[in-house]
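# After the sequence you'll find the predicted model.
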Amino acid sequence: MIPRIYIPGDSGALALGAEKVAKAVRAELAERGIEAKIVRNGSRGAYFLEPMVEVATANGRVAYGPVKPSDVKSLFDCGFLTGCHHKRWLGAPDQIPFLARQTRLTFARCGVTDPLSLDHYKAHGGLNGLQNAVAMMPADIVKQVTESGLRGRGGAGFPTGIKWKTVLDTSADRKYIVCNADEGDSGTFADRMIMEGDPFVLIEGMVIAGIATGATKGFIYIRSEYPHAVAVMQKAVEIARKAGVLGVNVLGSANSFDMEVRVGAGAYVCGEETALLDSLEGKRGQVRAKPPLPAHKGLFGKPTVINNVISLASVPVIMDKGAAFYKDFGMGRSRGTIPIQIAGNVKYPGLYEAAFGMTLGEIVDDIGGGTATGRPVKAVQVGGPLGAYFPRALFDTPFDYEAFAAKDGLIGHAGIVVFDDSADMLKQARFAMEFCAIESCGKCTPCRIGSTRGVEVLDRLAQNIEPEKQIALVTDLCNTMKFGSLCALGGFTPYPVMSALNHFPDDFRPTPVAEAAE
Ligand SMILES: Cc1cc2nc3c(=O)[nH]c(=O)nc-3n(C[C@H](O)[C@H](O)[C@H](O)COP(=O)(O)O)c2cc1C
Ligand code: SF4
């Protein structure tokens, strides 16, 4: 059998030099006259080990990483095709501590299979969920998804089954499934990783959503900054169509479903579901007032399911293994697993899929290994640019929607960004206001005007001009934005601002100029 070498081809690994490694491997194979198959798999998500090269040996896969092009010659010299020990040797990939401790349900195949091989996908359990779904009544599929406890992974944590039921129960001549792949949150990359590493799981989830709700057409709205994900998804859609997974008579059943990939408009607000719909319809992405809900009147005025990539990609495993299996993971009302994305100033950055319930401290200190700079962790922002800053004192908070809400925070898309003790939280608060000012769609006043006034107030505070007055003003302004904004962009910007102010008050009382000069 010809040897197989796996070299990740996803954007994360490419950014870390995977293409140069692949080129060096190809050159070495040619020079030594060795015939081997190079598979460009997705990354397994341990980005501190990328580019991570794997070989299939008689005793299973063996990983090496992070591999530099200059390592390639010595890897061949030592016989890495049969798993030799080398300074980059990591052993069996699923025994690497960062990977071994995970519960991979949604990302089970990511990094394992060839992303664009439907045969490989099927050999690893792919399409089992859809096979079950085509034999079921729509209402029974919706029931399974509801009973699994799956909640939207895009940010709001809304129960997916309830959203699907609303669309199923709304009669119309046409319904749509829209996948939100705008992934605008800071430090997040789960959507991109799965689209590039296991695109068929998203397609399978969308087809199941279509059959469950009576929708026959789907759109994947991918942010323009993800050209690689766009290319992979487009190829995967073509392959799925040719294989009868998409089109009329899905898997030989009476159901029809097809989909298209659309490229986003490059604005954070286009990730908000109604602005996304406007953008998909070819208009400027601006938030719509609700009601009507998109489930009643969405894309082109038709009932529409809008779900995040990870919500949809989690459906196949639920339909394969059953609602009870999935529901068994997690805590409280947060069921199943969540792909946590650990980023920022952290020693071991990467994607870590785990059942809900780990504490923030376990994630940051044990899994993430603390800061990359080696300095103490000062704060962690969870849930993207609209998420709260958590100090060490709150590291016992379990990763659970309700537990985070109880601490005035949010899980959002499960991105966490770590900061060391050199971070200036007043600057971070200003950044939140500035971000909101730049990204505001302009539809409502608290967000459009409030964010600009917020930047000015925080600038005055930084200059130590009547600090107590500025703190009272920003607190009042945050209250107005929180309760008066039309959507969560203006409504949640107060979370990073107020958490920074409440947990790190010293940073908001800059040393007076005269004192600093002494
Ligand atoms: C300003 C703003 C940006 C958002 N960006 C995204 C995004 O990039 N991806 C996403 O899935 N949801 C995003 N959301 C949440 C969506 O509006 C919506 O709740 C989500 O797509 C629903 O899917 P889910 O139920 O599967 O989470 C954003 C919301 C707001 C207010
Ligand atoms: S809160 Fe901001 S982004 Fe949302 S509708 Fe109002 S102006 Fe637009």
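That came through fine. Ligands and ions are numbered 1, 2, ... in the order given.

# Tell me how many other residues crowd the residue in the stretch 151-300 of the chain positioned nearest to ligand 2.
At 3.5 Å from ligand 2, Val287 is the closest residue in the stretch 151-300 of the chain, using C-beta to the nearest ligand atom. Using the backbone N, CA and C atoms, a C-beta is placed for each residue, glycine as well. For Val287, the count of nearby residues is 26 (other C-beta atoms under 10 Å).

# which ones are touching it?
Val269, Glu272, Thr274, Ala275, Cys441, Lys443, Leu486, Cys487, Leu489 (C-beta atoms under 8 Å, 6 or more residues apart in numbering).

# And for Gly187?
Gly187 makes contact with Gln341, Ile342, Ala343, Gly344, Gln381, Gly384, Gly415, Ile416, Val417 under the criterion C-beta under 8 Å, 6+ apart.

# related to what we said a few turns ago, the contacts of Val287 also near ligand 2: which ones?
Val269, Cys441, Lys443, Leu486, Cys487, Leu489 (C-beta under 6 Å from any ligand atom).

# show me which of those residues neighbour ligand 1.
Val269, Cys487, Leu489.

# Nearest spatial neighbour of Thr57, chain-adjacent residues omitted?
Distances taken as C-beta to C-beta, 6 or more residues apart in numbering put Gly83 closest to Thr57, at 4.2 Å, once the chain neighbours are dropped.

# now that neighbour: how far from Pro69?
Computed with C-beta to C-beta, to the nearest Å, the distance linking Gly83 and Pro69 is 21 Å.

# for ligand 2, what are the nearby residues on the protein?
So the chain meets ligand 2 at 269, 287, 440-444, 447-448, 485-487, 489-490 (C-beta under 6 Å from any ligand atom).

# who's in contact with Lys89?
Just to correct that, residue 89 is Trp rather than Lys. Applying C-beta under 8 Å, 6+ apart, we find Trp89 in contact with Val62, Ala63, Tyr64.

# same thing but 6 Å
Taking C-beta atoms under 6 Å, 6 or more residues apart in numbering as the criterion, Trp89 is in contact with Tyr64.

# is it in a bridge, and if so with what?
Tyr64 (DSSP bridges).

# Wondering if stretch 281-291 reaches ligand 1 at all.
No - using C-beta under 6 Å from any ligand atom, stretch 281-291 never reaches ligand 1; the gap is at least 7.6 Å.

# mean confidence score for that stretch?
For stretch 281-291, the mean per-residue pLDDT is 94.

# try stretch 327-336
97.

# what comes into contact with it?
Here stretch 327-336 has contacts from Ser148, Gly149, Tyr326, Thr337, Ala355, Phe356, Gly357, Asp400, Tyr401, Glu402, using C-beta under 6 Å, 6+ apart.

# Kindly report the same for stretch 105-121.
39, 41-44, 124, 194, 197-200, 235, 239, 243, 313-314, 317, 337, 353.

# what comes up buried for it?
105-118, 120-121 (16 or more other C-beta atoms under 10 Å).

# Out of those, name the ones that lie in helices.
Counting by DSSP state H, the part of the buried residues of stretch 105-121 found in helices is Leu118, His120, Tyr121.

# Closest one of the residues you listed to ligand 1?
The closest of those, once distances to ligand 1 are taken by C-beta to the nearest ligand atom, is Tyr121, at 22.3 Å.

# ok so, going back, so which of the contacts of Gly187 wins on neighbours?
Of all the contacts of Gly187, the highest neighbour tally under other C-beta under 10 Å goes to Gln381, namely 30 neighbours.

# Quick check: that one touching Val417?
Yes - using C-beta atoms under 6 Å, Gln381 is in contact with Val417, at 4.7 Å.

# Go through the contacts of Gly187 and say which is closest to Arg223.
Nearest to Arg223 among the contacts of Gly187 is Gly384, at 13.5 Å by C-beta to C-beta.

# where along the stretch 101-250 of the chain do the helices fall?
118-123, 128-134, 138-148, 160-169, 190-197, 199-213, 227-242 (DSSP state H, counting those that start in this stretch).

# mind putting the ones you listed in TSV, mean pLDDT and distance to ligand 1 included?
Below are those laid out as TSV (pLDDT from 0 to 100; distance: least, C-beta to the nearest ligand atom, whole Å):
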stretch	mean pLDDT	distance to ligand 1
helix 118-123	98	22
helix 128-134	98	17
helix 138-148	98	11
helix 160-169	98	6
helix 190-197	98	7
helix 199-213	98	10
helix 227-242	98	13
